[in-house]
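A.B. asks: Here you go, sequence then predicted model.
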Amino acid sequence: MTTTNPSLADLLQHFTSPNNDIRHEAEKYYNSLLQTSPDEVVIGLMQIMANEQIPFHIRQLSAILLRRCLIDEEDSYYFKLQLQSRHYVINEISRLLLQEQNTAIRIKITDIAGELGGSILEPKDWPNLYPTMIQLCNVSLTLSSLQSLSSLTSLVLSLVILLTVKWDCLSSAFWQRLQLVLTTTFFQQRLRFYCSTSNRTVKRAKD
């Protein structure tokens, strides 16, 4: 089981309090802790996000906060972490891309991976991102229409990483594998569903 920082998990719980004073104090303490102990906060958020025993809304909140910490081209907290913590972050994200079962959490993990790998880091900084993308494609080719959308997420969302990662680090073998994925009937069906759902969401937002 993934270990978790209890104090940070409790702090995130206060973020959702209906009491404005409690919520404000929690946010103030969190920001202070992030400034003074970035390793503790980032690792703690990673552990909370990965822990299936923690309530979904707290896991989701940890993913949102983690993205804010890491995805800032001018002031990413990734570069304020110790080297060991940096390795932990990218290795854990790679693991969760392949193993996370909750669709909503995996979407957030993929967003983090895509932006971190595409905008913040160079390929040499995240050497196992490319092998992870290969594994996502390989998994996608073995899917059947009877499997859940949670399993399918690795197929569609791996493309998010693909569109943001540095292009020159991808081999011809990878492109050939990806082409097989893109041309499967099953993928085409899921992509149409994904796009129609996204369009409805955008339309509701505009209305």
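C.D. replies: Yes, it's here. Residues are numbered from 1 along each chain as shown.
A.B. asks: drop to CA atoms for contacts and neighbour counts, all remaining ones
C.D. replies: OK.
A.B. asks: can you pull the buried residues of stretch 109-125?
C.D. replies: 109-118, 120-121, 123 (16 or more other CA atoms under 10 Å).
A.B. asks: Which of these scores worst on pLDDT?
C.D. replies: For these, the least confident position by pLDDT is residue 118, scoring 75.
A.B. asks: gap between residue 86 and residue 42?
C.D. replies: The spacing between residue 86 and residue 42, counted by CA to CA, to the nearest Å, is 10 Å.
A.B. asks: Which of the two has more residues huddled nearby?
C.D. replies: Remark: of residue 86 and residue 42, residue 42 carries more neighbours, 24 against 20, as counted by other CA atoms under 10 Å.
A.B. asks: what's the spacing between the more buried one and residue 134?
C.D. replies: Applying CA to CA to residue 42 and residue 134 gives a distance of 27 Å.
A.B. asks: Tell me who's in contact with the residue nearest to residue 116 when sequence neighbours are not counted.
C.D. replies: In space, and not counting its chain neighbours, residue 116 is closest to residue 71: 6.1 Å by CA to CA, 6 or more residues apart in numbering. Residue 71 sits next to 112, 115-116, 119-120 when contact means CA atoms under 8 Å, 6 or more residues apart in numbering.
A.B. asks: nearest to residue 127, of those residues?
C.D. replies: Using CA to CA, residue 116 is the member of the contacts of residue 71 that sits closest to residue 127, with 12.9 Å.
A.B. asks: pretty sure that closest one contacts residue 69?
C.D. replies: No. Contact criterion CA atoms under 8 Å: residue 116 and residue 69 do not qualify, at 10.6 Å.
A.B. asks: Run a quick neighbour tally on residue 61.
C.D. replies: 19.
A.B. asks: what sits against it?
C.D. replies: By CA under 8 Å, 6+ apart, the residues touching residue 61 are residue 12.
A.B. asks: Strands along the chain, start to end?
C.D. replies: In the chain, no strands are defined using DSSP state E.
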